[in-house]
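Participant: Any chance you can model this:
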Amino acid sequence: MNLDGLPYLAALVLAALFLLSAVAKWRDLPAAARAFRALGVPRPWTAVRVVPGVEAGLATVLVLAPEGAAMLAFALLVAFTVFLVARLRAGVTEPCRCFGGWGFDRLSWADVVRNGWLLSMAVVAMTGRGPVAPSPGAVLALVAWVGAAVASVRWTARIDRVQPTRP
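Facilitator: Sure thing, here's the model as predicted:
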């Protein structure tokens with residue numbers, strides 16, 4: 001199967017998600033700041049002004065220069081994931097609101113699983129050679145990849161509802 005363009009598709013998915021996240025936070029900065037505070041983010045009002053700008057800027061660069069931006073996305077996702085794991089281990093279950101108003105579920109291991117999938121997309125995006133038109137095989141592979149990601153995140157969330165996260 002020809003997977004030409006799969007790295008660029010992965011970069012585009014990351015770009016869309018980072019942009020969605022930024023816009024969702026910008027739409028309701030006070031709610032985003034409250035969520036950051038509840039999660040224990042230092043200086044939540046500063047963070048809520050900086051994080052969406054970083055996300056939007058990264059989304060733009062992922063479209064224009066995907067390989068280098070994918071390295072930055074990987075680093076940012078690692079930082080976000082380490083933070084989420086630390087919060088879960090501390091017993092924090094306030095809603096993550098990682099995607100602004102589109103994330104009202106309590107913090108759970110499903111958020112970590114989601115980030116694992118996003119990290120895998122960043123790794124694949126790093127292997128590309130700039131914007132490349134995707135082959136049909138690449139599109140099919142991306143659909144399967146996203147489907148597996150959604151299914152595993154939902155499965156993890158379902159398990160976490162039955163056995164809630166404990167410190």
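Participant: need the contact list for the residue nearest to Leu64 when sequence neighbours are not counted.
Facilitator: On the basis of C-beta to C-beta, 6 or more residues apart in numbering, the spatially nearest residue to Leu64 that is not a chain neighbour turns out to be Pro131, at 7.9 Å. The C-beta positions use only the backbone N, C-alpha and C, and glycine is treated the same way. Applying C-beta atoms under 8 Å, 6 or more residues apart in numbering, one finds that Pro131 lies in contact with 8, 63-64, 66.
Participant: Generate a PyMOL selection restricted to the buried entries among those.
Facilitator: Buried subset of the contacts of Pro131, written as a PyMOL selection, criterion 16 or more other C-beta atoms under 10 Å:
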select buried, resi 8+63+66
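Participant: Identify, from the contacts of Pro131, the entry nearest to Ala22.
Facilitator: Each of the contacts of Pro131 was scored against Ala22 by C-beta to C-beta, and Val63 proved nearest at 13.8 Å.
Participant: distance of that closest one from Pro136?
Facilitator: For Val63, the distance to Pro136 equals 21 Å [C-beta to C-beta, to the nearest Å].
Participant: give me the low-pLDDT residue ranges for the protein?
Facilitator: With pLDDT under 70 as the threshold, the chain has low-confidence stretches at 99-104, 162-167.
Participant: Tell me where it has helices.
Facilitator: Using DSSP state H, the helices of the chain run over residues 6-27, 29-39, 44-64, 66-89, 109-126, 136-162.
Participant: could you dump those to JSON lines with distance to Arg97?
Facilitator: What follows is those, written out as JSON lines (distance: least, C-beta to C-beta, whole Å):
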{"stretch": "helix 6-27", "distance to Arg97": "8"}
{"stretch": "helix 29-39", "distance to Arg97": "4"}
{"stretch": "helix 44-64", "distance to Arg97": "10"}
{"stretch": "helix 66-89", "distance to Arg97": "12"}
{"stretch": "helix 109-126", "distance to Arg97": "10"}
{"stretch": "helix 136-162", "distance to Arg97": "15"}
